[in-house]
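Chemist: build me a model:
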Amino acid sequence: MVRVVVAGGGWAGCAAALAAAKAGAQVQLLERTDMLLGTGLVGGIYRNNGRYTAAEEATAMGGGDLFVAMDANARHRGISFPGHSHASLYDVSAMEPLVKKVLVNYGITVRTTTRVMDVLKYGRTIQALVIDSGEVVKGDVFVDTTGTAGPMGNCLKYGNGCAMCILRCPSFGPRVSVSARAQVKEIMGLKADGTYGAMSGSCKLNKDSLSAEIRERLEREGAVVIPMPEHLVKSTSLGRKACSQYAIPEYAANLVLLDTGHAKLMTSFFPLEELRTVPGLENARYEDPYAGGQGNSVRYLGIAPCGNNLKVDAVDNLFCGGEKAGIFVGHTEAIVTGLLAGHNAVT
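Modeler: Predicted coordinates for the structure are as follows:
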């Protein structure tokens, strides 16, 4: 039986582990924090725009387990808001335990608080991963889904310092890239202005900190669009966002809130004192990251060069998925690339 080790337990890593197990492999999934899903813990949007087709195609090819789990946990279906049509929103507070049950039911060994520190490599082949306890985790094939968000030093170098985001680097240690440890020269995402990386595109507000009217509308309709007071319109901030689908004029002219269990604010970097001048948000507070008024996690700082089969260049038994495989911004892309990487790692 082929032994597959997946490093990184975000949506891509969960999908890779699932596909490898369904292809007949013995699978271990290593995640450095105490929860799966990574930025999926604050995401919540799926089946929007062309991602609907991608989700249906993945399901038709046998990779629909995670989309079924999302659908079972959806708070809203078929809603529209600026730049998005027929979107569904899953509950970010309840999604992770459900996904973990799906993986365990397929016989996958899920190891949280297990941080990869190094790679043991011979020639072009990885033999094992070394984790923070000193244990050597051997495998036949490896999948790198460690993402591209950097450690606290990167948030300081490329952003505004540690934003205390969902990645929780101060508590669980910074991300370590398997590809980089295997001496693969990674790609840095370059913005039009010549700077590297991009800030994550949204944040969460504590729903209870909003007015009763806005909370009721959110829970009833799924999305609330609030016209921005003229003095707060800042179109120049749109280019900083990782998700270009939100860098459109509507997100400068309006505040867009989504109900994902919390209130997902699609325009981050809003100073709290300014945010509280918007009617209904007088008592607003950031939920994740707590420093949402200043910035967010910085992404696209370590993409692995790979082919269409998602095998990483110059390493014979390493595949990649999610943001490691390209500048992707959605859960659907993470899941689909993870499914392909996990399947191809076995077949």
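Chemist: just checking, what packs against the lowest-mean-pLDDT helix or strand in the chain?
Modeler: Scoring the helices and strands of the chain by mean pLDDT, DSSP states H and E places strand 198-199 at the bottom, with a mean of 79. When contacts are defined as 3 or more C-beta pairs under 8 Å, 6 or more residues apart in numbering; DSSP states H and E, strand 198-199 sits against strand 298-299. (Each C-beta comes from the backbone N, C-alpha and C, glycine too.)
Chemist: partner strands of the strand it packs on, parallel or antiparallel?
Modeler: Strand 298-299 sits in its sheet next to strand 198-199 (antiparallel), going by DSSP bridges.
Chemist: local confidence estimate at residue 229?
Modeler: As predicted, residue 229 sits at a pLDDT of 86.
Chemist: what residues of stretch 256-272 count as buried?
Modeler: 256-270 (16 or more other C-beta atoms under 10 Å).
Chemist: actually stretch 68-76, sorry about that
Modeler: Buried residues in stretch 68-76 (16+ other C-beta under 10 Å): 69, 70, 71, 73, 74, 75, 76.
Chemist: just the buried residues of stretch 256-272: which are in strands?
Modeler: Under the assignment DSSP state E, those contribute 256, 257, 258, 259, 263, 264, 265 to strands.
Chemist: which among the buried residues of stretch 256-272 gets closest to residue 11?
Modeler: Nearest to residue 11 among the buried residues of stretch 256-272, counting by C-beta to C-beta, is residue 260 at 14.4 Å.
Chemist: so the closest one sits against residue 88, correct?
Modeler: No. Taking C-beta atoms under 8 Å as the definition, residue 260 is not a contact partner of residue 88, at 10.4 Å.
Chemist: common neighbours of these two, please.
Modeler: Both residue 260 and residue 88 are in contact with residue 45, where contact means C-beta atoms under 8 Å, 6 or more residues apart in numbering.
Chemist: any chance you could map the helices in this protein?
Modeler: For the chain, applying DSSP state H gives helices covering 11-22, 51-60, 65-72, 95-105, 152-158, 169-172, 178-181, 212-221, 250-253, 272-275, 331-346.
Chemist: the third one versus helix 51-60: what angle between them?
Modeler: Here helix 65-72 points in a direction 120 degrees away from that of helix 51-60 (axes from the mean of the first three to the mean of the last three C-alpha atoms, to 10 degrees).
Chemist: please apply the same query to the longest one.
Modeler: Interaxial angle, helix 331-346 versus helix 51-60 (the same axes, to 10 degrees): 30 degrees.
Chemist: what helices and strands are in contact with helix 331-346?
Modeler: Helix 331-346 packs on strand 3-7, helix 11-22, strand 45-46, helix 51-60, helix 65-72, strand 141-144, strand 318-320, going by 3+ C-beta pairs under 8 Å, 6+ apart.
Chemist: try 7 Å this time
Modeler: helix 11-22, helix 51-60, strand 141-144, strand 318-320 (3 or more C-beta pairs under 7 Å, 6 or more residues apart in numbering; DSSP states H and E).
Chemist: hmm, residue 133 and residue 116 touching each other?
Modeler: No. Residue 116 is beyond contact range of residue 133, at 11.1 Å (criterion: C-beta atoms under 7 Å).
Chemist: so between the two, which is more surrounded?
Modeler: A direct count of neighbours by other C-beta atoms under 10 Å for residue 116 and residue 133 places residue 116 higher, at 24 against 10.
Chemist: contacts only, for the more buried one.
Modeler: Residues in contact with residue 116, defined by C-beta atoms under 7 Å, 6 or more residues apart in numbering, are 7, 30, 129, 131, 176, 178.
Chemist: now swap in residue 47 and tell me
Modeler: Contacts of residue 47 by C-beta under 7 Å, 6+ apart are 55, 86, 87, 88.
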